[in-house]
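> heads up, no residue letters with this:
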Ligand SMILES: NC(=O)C1=CN([C@@H]2O[C@H](COP(=O)(O)OP(=O)(O)OC[C@H]3O[C@@H](n4cnc5c(N)ncnc54)[C@H](O)[C@@H]3O)[C@@H](O)[C@H]2O)C=CC1
Ligand SMILES: C[N+](C)(C)CCCC(=O)O
């Protein structure tokens, strides 16, 4: 009786607790004290390890978590845990799975401030952006909850009353390996369709951002997922390789760099496992002089400076038609100078620090190289917190680049925009496609025929017309060429997390040819 009375009070208190917690967290305070592995419905310490990693708060350079990298035994434990849950989950109807995903989406929405705060602390992106990421995350779970109930096969009539039908079945234990730039969102982009299709998942986040994915695991459990449905192992390349080589893994979905993607494909090929690869890019953004000028400038900023420029689909090669080049560059420079850089947890900050010192050094080396090759406009160099020296960010639109420059050819993964003049549509299309990547592309023009013609000619999986870097979950996302294959988001993602079984039914007698 007492318990029954207490229940509603506890439910009322939990969201309040989350709110208080998120408000009390400011930069320089959070310290992780809990295990970061998750299996069989709870946080656990790994049973073995291959070394140790530390995760930082980029804006202070403080270590916020020290954790063991999961070894082969722990990876196997997580996979066995997923297998146990898979046996239960695969039997559920689409509507039953849908309810769990909807409840998880509701909890994320309810705890969004706490989740966004943690994402900002561990990744360095502004709280403003982290809130958007969390919104996209729960929308992803809602979207796949909506599709779960209508996954169905076909019924086909055959001669003599016989017939066949197809069943869309889950694959089994799927592995997700994520990058550090969108830790929570990437985990939802992978787990949403995977779980909706009836699979279980073992997820490994980047060792730079181990924190929020475990909160997602707890949320799935709270939402009613069977223990083991979504597991987390922590670590770097060695842990990732144990996952990719495990015989009982049915599929690998990866987000990260091209060299690692290539290794993952190689490992998967040994076990004939399907892979989804969401890799890097050097995407073109083409701005014709007839475009709405303000929209084009804003589009170029959206294409380059979200998450401090650490975004795979960024439009970093900005081709501008020559007659508006000067005006465009001046306006970009003016707007960039106004971007508020600072403590990412402050409300008005729009850019925080880069993920870590090596990333910063890599970006600065590109900028230095570019300066040697061209007279460029390094607009804003900000040094914050000199002691930690971890989190300096430099914003550098580089004016009048050439296609053969290193900063124009290679993925920088930082806040660096290269501006390239062009004259004709034919010329710019050829130059835009002259890259081994093909993740995204954009075109700004008021001429609708030209905009669609150019979009059709661009060799990229995701093309934007008169906008850039919006990511509605309803639209498929993924690359051409070395940017990978397979698609995340949209209805089509279902095909990458399920397999088709054909059942052929005989209604007559067997006519043997023997
Ligand atoms: N396209 C994108 O979305 C991303 C691109 N990058 C680019 O890659 C560069 C390096 O960043 P990293 O985080 O080191 O990227 P990465 O591609 O090496 O790592 C991505 C994920 O793969 C895991 N991993 C690494 N080696 C593995 C292996 N052999 N087997 C299985 N899993 C493995 C990592 O632990 C991480 O979880 C960045 O500077 C950036 O230029 C980084 C992150 C995301
Ligand atoms: C959300 N969006 C479109 C800005 C980026 C997502 C892709 C990625 O970098 O992982």
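Thanks, I have it. Please read all numbers here as calculations on a predicted model, not as lab measurements. Ligands and ions are numbered 1, 2, ... in the order given.
> For the residue in the stretch 151-300 of the chain that ligand 1 sits nearest to, give me the pLDDT.
Proximity of the stretch 151-300 of the chain to ligand 1 (Cβ to the nearest ligand atom) peaks at residue 240, 2.3 Å away. (Glycine included, C-beta is placed from N, CA and C.) Listed pLDDT for residue 240 reads 98.
> Then the one 4 residues further on?
Reading off the confidence values, residue 244 has pLDDT 98.
> Give me the secondary structure label for it.
Put simply, residue 244 is helix when judged by DSSP: H, G, I helix; E, B strand; the rest coil.
> What about it, how many residues nearby?
24 (other Cβ atoms under 10 Å).
> now residue 347
The tally of other residues near residue 347 (other Cβ under 10 Å) stands at 8.
> Number the chain from 53, please
That works, and once the first residue is 53, the last one we named lands at residue 399.
> surely it meets residue 179?
Yes: contact criterion Cβ atoms under 8 Å: residue 399 and residue 179 qualify, at 7.0 Å.
> what's next to whichever strand or helix holds residue 460, contact-wise?
Residue 460 belongs to helix 458-461 when assigned by DSSP states H and E. Residues outside helix 458-461 that contact it (Cβ atoms under 8 Å, 6 or more residues apart in numbering) are 334, 369, 418-419, 421-422, 425, 450, 453-455, 468, 470, 472, 487.
> Mind checking which of those residues are buried?
Buried members of the contacts of helix 458-461, scored by 16 or more other Cβ atoms under 10 Å, are 334, 369, 418, 419, 422, 450, 453, 468, 470, 472, 487.
> Quick one: those as TSV, columns for distance to residue 82 and pLDDT too.
Output for the buried ones among the contacts of helix 458-461, formatted as TSV (distance: Cβ to Cβ, whole Å; pLDDT from 0 to 100):
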residue	distance to residue 82	pLDDT
334	35	97
369	37	96
418	31	87
419	31	81
422	36	79
450	36	63
453	40	84
468	30	89
470	36	90
472	42	93
487	40	97
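> Would you confirm that residue 279 contacts residue 132?
No: under the criterion of Cβ under 8 Å, residue 279 is not in contact with residue 132, lying 12.0 Å apart.
> List the contacts of residue 309.
Residue 309 sits in contact with 331, 332, where contact means Cβ under 8 Å, 6+ apart.
> What are the buried residues along stretch 512-528?
For stretch 512-528, using 16+ other Cβ under 10 Å, the buried residues are 512, 513, 514, 515, 516, 518, 520, 521, 523, 525, 528.
> next one: stretch 325-344
Result for stretch 325-344 [16+ other Cβ under 10 Å]: buried residues 325, 327-343.
> next one: stretch 266-275
Buried residues in stretch 266-275 (16+ other Cβ under 10 Å): 266, 267, 268, 269, 270, 271, 272, 273, 275.
> what's in contact with it?
86, 88-90, 93-95, 152-153, 155-156, 158-160, 163, 167, 170, 236, 239-240, 243, 247, 255, 279, 281-284.
> What's the mean pLDDT across that stretch?
Mean per-residue pLDDT for stretch 266-275: 98.
> do the same with stretch 154-171
98.
> what does that stretch contact?
By Cβ under 8 Å, 6+ apart, the list of residues contacting stretch 154-171 reads 67, 70-71, 73-75, 77, 82, 177, 179, 182-183, 185-187, 189-191, 193-194, 197, 235-236, 263-264, 267-268, 271-272, 274-277, 397.
> Narrow the residues you listed to those that are buried.
Looking at the contacts of stretch 154-171 with 16+ other Cβ under 10 Å, the buried ones turn out to be 70, 74, 77, 82, 177, 179, 182-183, 185-186, 189-191, 193-194, 197, 235-236, 263-264, 267-268, 271-272, 275, 277, 397.
> who in the stretch 453-566 of the chain is up against ligand 2?
Within the stretch 453-566 of the chain, the positions lying close to ligand 2 (Cβ under 6 Å from any ligand atom) are 521, 523.
> Surely residue 381 is in a helix?
Yes: looking at residue 381 with three-state DSSP, it is inside a helix.
> Look up how far residue 475 lies from it.
16 Å (Cβ to Cβ, to the nearest Å).
> more crowded one of those two?
Higher neighbour count among residue 381 and residue 475: residue 381, with 21 against 10, using other Cβ under 10 Å.
> ok, the more buried one to residue 336 distance?
17 Å.
> Please list the residues of the stretch 153-302 of the chain that sit near ligand 2.
233, 234, 238.
> Distance to residue 311 and secondary structure for the buried residues of stretch 266-275 - can I get that in JSON lines?
Shown next, in JSON lines, are those (distance: Cβ to Cβ, whole Å; DSSP: H, G, I helix; E, B strand; the rest coil):
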{"residue": "266", "distance to residue 311": "27", "secondary structure": "helix"}
{"residue": "267", "distance to residue 311": "30", "secondary structure": "helix"}
{"residue": "268", "distance to residue 311": "27", "secondary structure": "helix"}
{"residue": "269", "distance to residue 311": "28", "secondary structure": "helix"}
{"residue": "270", "distance to residue 311": "33", "secondary structure": "helix"}
{"residue": "271", "distance to residue 311": "33", "secondary structure": "helix"}
{"residue": "272", "distance to residue 311": "31", "secondary structure": "helix"}
{"residue": "273", "distance to residue 311": "35", "secondary structure": "helix"}
{"residue": "275", "distance to residue 311": "36", "secondary structure": "coil"}
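> what about residue 80, how many neighbours?
Applying other Cβ under 10 Å, we find 13 residues neighbouring residue 80.
> Test my guess that it contacts residue 114.
Yes: using Cβ under 8 Å, residue 80 is in contact with residue 114, at 6.7 Å.
> Let's check: the centremost residue of the chain is which one?
residue 238 (3.2 Å; Cα atoms, centre = their mean).
> any idea which helix or strand of the protein has the worst average confidence?
Lowest by mean pLDDT, DSSP states H and E among the helices and strands of the chain is helix 54-76, with a mean of 39.
> Point out the other helices and strands that the helix or strand that that one is followed by packs with.
Going down the chain from helix 54-76, the next helix or strand is strand 89-91, by DSSP H and E. Applying 3 or more Cβ pairs under 8 Å, 6 or more residues apart in numbering; DSSP states H and E, one finds that strand 89-91 contacts strand 94-96, helix 124-141, helix 264-274, strand 282-284.
> among those, which is the most enclosed?
Scoring the helices and strands packed on strand 89-91 by mean neighbour count under mean count of other Cβ atoms under 10 Å gives strand 282-284 as the most buried, with a mean of 29.
> And the residue of the stretch 453-566 of the chain closest to ligand 2?
For the stretch 453-566 of the chain, Cβ to the nearest ligand atom, closest residue to ligand 2: residue 523, 3.7 Å.
> I figured that residue was touching residue 541, is that so?
Yes: between residue 523 and residue 541 there is a contact under Cβ under 8 Å: 7.4 Å.
> still on that earlier bit, in CSV: the buried residues of stretch 266-275, plus distance to ligand 1.
Shown next, in CSV, are these (distance: Cβ to the nearest ligand atom, whole Å):
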residue, distance to ligand 1
266, 14
267, 17
268, 15
269, 16
270, 20
271, 21
272, 20
273, 23
275, 25
